[in-house]
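Asker: Provided below are the primary sequence and the corresponding predicted coordinates.
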Amino acid sequence: MKKIIICILLFHQFSLAQTYDVLFIGNSYTYYNDLPDMLSKISSSFGDSIFHDQNTPGGYSLYAHSQDQLSIDKINQQNWDYVVLQDQSQRPSLSPAYVSTAVFPYAQQLVDLIYQNYNCSEPLFYMTWGRKNGDLTNCVNYPPVCTYLGMQERLRDSYISMGINNNATVSPVGIAFKNAIALDSTIELYNNDNSHPSIYGTYLAACVFYSTIFKKSSIGSLFVPSAISASDALFLQQIASSTVLDSVLTWNIFNSNFSYSVNGTSVDFLNISSNFENCIWDFGDGSFSSIESPSHNFLVPGAYNVKLTVYTNDWCLIDVIEEEIIITISNLEEIHIITEKKNKYLDIFGRITDSKSKGLKFLINNDGKITKKFIFE
């Protein structure tokens, strides 16, 4: 199913219902408590839909999946909107040298398979969490993973690198774990083995995936597992939503966004979109640009709906943001207008024209007043 996202405002919470087909390629961190089904139920509570499939054998790594015919067959099974890629829990946390040879090549191999099947699919890396007491198995040989925080930091760095290097999205579940633990360590996110997720951990992960995929808050979801209280569910929803939506650029989530500054007749636009390939600006006055961060001169005061459309995956994924920009008379170069001692006619492109030619034009008289005129004949 082709994915088209239209956002009038960043994280438009009241957008139309959306439907996505999602394939999970991972291991027991995915199948514990049935993360895909939990994500589907959260989505349904907001009127959205997730149809999912998975191949998640215990202990599987990206390398194992790259060699597994079932994983390859599932990737090729249909046109997925998202394919979630999750490595074995320890491997991405090890040394950069190890990760560069034992993790990154297989991440790229799987991403290539995904795009070969359907170039509109978005690969989505599932950033996992550090083990509660660190990685005692690899601690001697690689001390940074001896603690939870050290292991989490390495997982963060590796998954962000996989996202950026493959023009893919990252779902920051591990950082949501870290944020939740920092604010309320009494909510037990771990199973008894201090590695796999508890029901709380899986619910937090599902909320993170909801915000990552739909770019909307999970706060207020009516789906809450029976083992989780309403107050704890709200806390986990808040953590998941803020972790994702406050740092979209960090997680390389495909998203359209811009800022701007007004300077006289000129407005300088800064494109702060993420994970995009091409863009088109519509300045609301009949002018367009494909420059990433352009400047634009507005000829007359008024309200202009400026729209930025970004594209990725060979132009088949689209995201749009629109914002009204007010240009007042004080923003115009009044000095240049007033110093002209006779009336001047400008066409819609700002070029001097005569008073008799047909079409829309702007009359600037000798006191600086601007009048819009349309000459029919």
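Answerer: Now that the structure is in, tell me what you want to look at. Numbering: from 1, shown residues only.

Asker: buried ones in the host helix or strand of residue 310?
Answerer: Element membership of residue 310 [criterion: DSSP states H and E] is strand 302-312. Neighbour-count burial for strand 302-312, with 16 or more other Cβ atoms under 10 Å as criterion, is recorded at 304, 306-312. Where C-beta positions appear, they are placed from N, C-alpha and C, glycine not excepted.

Asker: ok, it: who's next to it in the sheet?
Answerer: strand 278-282 (antiparallel), strand 317-327 (antiparallel) (DSSP bridges).

Asker: out of those, which comes closest to residue 156?
Answerer: Nearest of these to residue 156, taken as Cβ to Cβ: strand 317-327 at 24.8 Å.

Asker: determine how far that closest one lies from the middle of the whole chain.
Answerer: 16 Å (Cα atoms, centre = their mean, to the nearest Å).

Asker: what is the mean pLDDT for that strand?
Answerer: For strand 317-327, mean pLDDT is 94.

Asker: hang on, residue 202 packs against residue 33?
Answerer: Yes - using Cβ atoms under 8 Å, residue 202 makes contact with residue 33 at a distance of 3.7 Å.

Asker: which of those two has more neighbours?
Answerer: Looking at residue 202 and residue 33 with other Cβ atoms under 10 Å, you find the greater number of neighbours at residue 202, namely 25 against 20.

Asker: confirm that one sits in a helix?
Answerer: Yes - under DSSP: H, G, I helix; E, B strand; the rest coil, residue 202 sits within a helix.

Asker: so how far is residue 32 from it?
Answerer: Per Cβ to Cβ, to the nearest Å, residue 202 is found 6 Å from residue 32.

Asker: any stretches of the stretch 1-150 of the chain with poor pLDDT?
Answerer: By pLDDT under 70, the weakly predicted segments of the stretch 1-150 of the chain are 1-15.

Asker: which parts of it are helices?
Answerer: 28-31, 35-45, 62-67, 69-75, 96-102, 104-117, 148-165 (DSSP state H, counting those that start in this stretch).

Asker: cool, and the stretch 151-300 of the chain?
Answerer: Ranges of helices within the stretch 151-300 of the chain are 173-183, 199-214, 230-245, based on DSSP H, counting those that start in this stretch.

Asker: out of those helices, deepest packed?
Answerer: helix 199-214 (a mean of 26; mean count of other Cβ atoms under 10 Å).

Asker: state the mean pLDDT of that one.
Answerer: 98.

Asker: thinking again about what came up before, can you put the strands paired with strand 302-312 in CSV and add distance to residue 58 and mean neighbour count?
Answerer: Output for those, formatted as CSV (distance: least, Cβ to Cβ, whole Å; neighbours: other Cβ atoms under 10 Å):
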stretch, distance to residue 58, mean neighbour count
strand 278-282, 41, 17
strand 317-327, 33, 17
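
Asker: of all the ones you listed, which lies closest to residue 232?
Answerer: Evaluated over the strands paired with strand 302-312, closeness to residue 232 peaks at strand 317-327, with 33.1 Å, by Cβ to Cβ.

Asker: flag the shaky bits of the stretch 201-350 of the chain, pLDDT-wise.
Answerer: Using pLDDT under 70, the flagged stretches of the stretch 201-350 of the chain are 329-350.

Asker: nearest to residue 61 among the buried residues of strand 302-312?
Answerer: Proximity to residue 61 was ranked across these by Cβ to Cβ; first place goes to residue 312, at 27.4 Å.

Asker: residues contacting the residue lying closest to residue 269 once chain neighbours are set aside?
Answerer: Leaving out its chain neighbours, the residue that sits closest to residue 269 by Cβ to Cβ, 6 or more residues apart in numbering is residue 260, at 4.8 Å. Residue 260 makes contact with 267-270, 306, 325, according to Cβ atoms under 8 Å, 6 or more residues apart in numbering.
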